[in-house]
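Enquirer: Sequence below, structure please.
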Amino acid sequence: MGVTFLRKTVDNFLFVVYFNGIKIGFLTLKGRGFKMGKGMGKVIGNSLIVVCVVLGLCLELLFAQATPVVTPTPQAPTVETGEATLNDELYSLTLNGIVNAHGLSTTVWFEYGTSSGLYSDITSTQTVSGTSDITANIKISASEETGYYYRIVAQNSAGISYGNEMYFIVPIDTWWWEATKSMEVSPTTPIIKKDQSKDVVVTITWGYGFSVGGENIEVEVTAGKRRVSISPKSAVTDENGQAKFTILGKRVGKAKITFKVKRGNYGELKTEVTVKVRR
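Expert: Reported below is the predicted structural model:
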C-alpha cells in the first residue's frame, strides 16, 4: 500500500494511491487556504498514514483469499457380507458382516433365504455409528442339512447399501454331538440269575434336556461272552430317546456290555455296564 503526492490545487492536496504496485485511485485532502508551511507537512503526513492504514486493511480484507470451509457430503454406509458361524446352542446360526457408517447413525440387518437372490426372511436389527469398520453379528434359527443364502444390509440418512451374497449349508448332525449330554442304561448294574433274562433300557438325552429319537444303538458283549448274551444286536431309539435290550444269564460270574451310537466321521457316544450273573 502506498501514497504518492501528485500536486496541490487551490483547494486541496491530491495524492495517488497504489496497492501492490498498481495504481488504484486518488486521495484528496481538502484544505482551502492551507499553506505548506512549517509543521503542515507533518500534519498531512500523519493524516495520510492513518488513511493509508485504514484503507490498506480494507483492501487486504477485500483481496485476501479466504480458506473455503469444506462440508463433508453425507455418505451411504459401505458393507461386506462375512462368513456365517455355527453356535453351540441348538439350531442356531450367526450371520456376520462388516459395516462402515461414515459418521451417521446406521441400522444394520441381514436378509436370508434358501434360494439365491430370494430372501424370504430378515433378521433383527443393530444400530452402529462412527467412521471405522464395525463387525455386525446377528443370530438366526437354522436347520440341519439346509443351505442358506444371505447378505448384509445397512441404511442411514444418506442411503441404503446391500452386501454381496454368501452361502452356508448346515451339515447334518451339526448339533447332535455337541448337544448330546448322555447315554444312560437302566438298571446301571443289572443282576440276573443263571438261565434267566432281564430287560435293560438305554436312553439318549440332549444336552438341552430333549430326548434323541431315531438313533441306532449298537450293543456288544466286550467281556465274559460265555456268561451272558444280549439281543437284539442293535435297536433304534423311540420318540422318548429309548431303546430296549434283553440280557440272558448263561454262566455265573461278571460280564461287561458296551452300548454305542456312531455318526459317520463325527465320532461316537458310548457307555458300558457290568452284568452280574448269580445262581
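
Enquirer: Do a quick rundown of the strands in the stretch 1-150 of the chain.
Expert: 2-8, 12-19, 22-30, 78-81, 85-86, 92-100, 106-113, 121-122, 126-128, 133-141, 146-156 (DSSP state E, counting those that start in this stretch).

Enquirer: by contact count, what packs against the longest one?
Expert: In other words, strand 146-156. Packing partners of strand 146-156 (3 or more CB pairs under 8 Å, 6 or more residues apart in numbering; DSSP states H and E): strand 78-81, strand 92-100, strand 106-113, strand 133-141, strand 159-162, strand 166-170. The way it works is simple: take the backbone N, C-alpha and C, and place the C-beta from them, glycine included.

Enquirer: what's the third one in contact with?
Expert: Under the contact criterion CB atoms under 8 Å, 6 or more residues apart in numbering, strand 106-113 has outside partners 77, 79, 95, 97, 99, 119-129, 136, 138, 140, 148-156.

Enquirer: Would you mark the buried spots in it?
Expert: Across strand 106-113, burial judged by 16 or more other CB atoms under 10 Å covers 106-112.

Enquirer: Now it: average pLDDT?
Expert: Mean pLDDT, strand 106-113: 98.

Enquirer: ok, now the second one?
Expert: Per-residue pLDDT values across strand 92-100 average out to 96.

Enquirer: again, but for the fourth one
Expert: When pLDDT is averaged over strand 133-141, the result is 96.

Enquirer: Then the first one?
Expert: In this model, strand 78-81 carries a mean pLDDT of 98.

Enquirer: repeat for stretch 234-253
Expert: 94.

Enquirer: Give me the buried positions along it.
Expert: 235, 237, 241-243, 245, 247-250.

Enquirer: can you name the two of those residues that are farthest apart?
Expert: Gly241 and Lys250 (29.9 Å; CB to CB).

Enquirer: Number of residues surrounding the nearest residue to Ser116 once chain neighbours are set aside?
Expert: What sits nearest to Ser116 in space, not counting adjacent residues and going by CB to CB, 6 or more residues apart in numbering, is Tyr149, at 5.0 Å. Using other CB atoms under 10 Å, Tyr149 has 18 neighbouring residues.

Enquirer: List the beta-bridge partners for Tyr149.
Expert: Gly113, Tyr167 (DSSP bridges).

Enquirer: mind putting the buried residues of stretch 234-253 in JSON lines, distance to Thr258 and secondary structure included?
Expert: Below are those laid out as JSON lines (distance: CB to CB, whole Å; DSSP: H, G, I helix; E, B strand; the rest coil):
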{"residue": "Ala235", "distance to Thr258": "14", "secondary structure": "strand"}
{"residue": "Thr237", "distance to Thr258": "17", "secondary structure": "coil"}
{"residue": "Gly241", "distance to Thr258": "19", "secondary structure": "coil"}
{"residue": "Gln242", "distance to Thr258": "18", "secondary structure": "strand"}
{"residue": "Ala243", "distance to Thr258": "14", "secondary structure": "strand"}
{"residue": "Phe245", "distance to Thr258": "12", "secondary structure": "strand"}
{"residue": "Ile247", "distance to Thr258": "13", "secondary structure": "strand"}
{"residue": "Leu248", "distance to Thr258": "17", "secondary structure": "strand"}
{"residue": "Gly249", "distance to Thr258": "18", "secondary structure": "strand"}
{"residue": "Lys250", "distance to Thr258": "18", "secondary structure": "coil"}
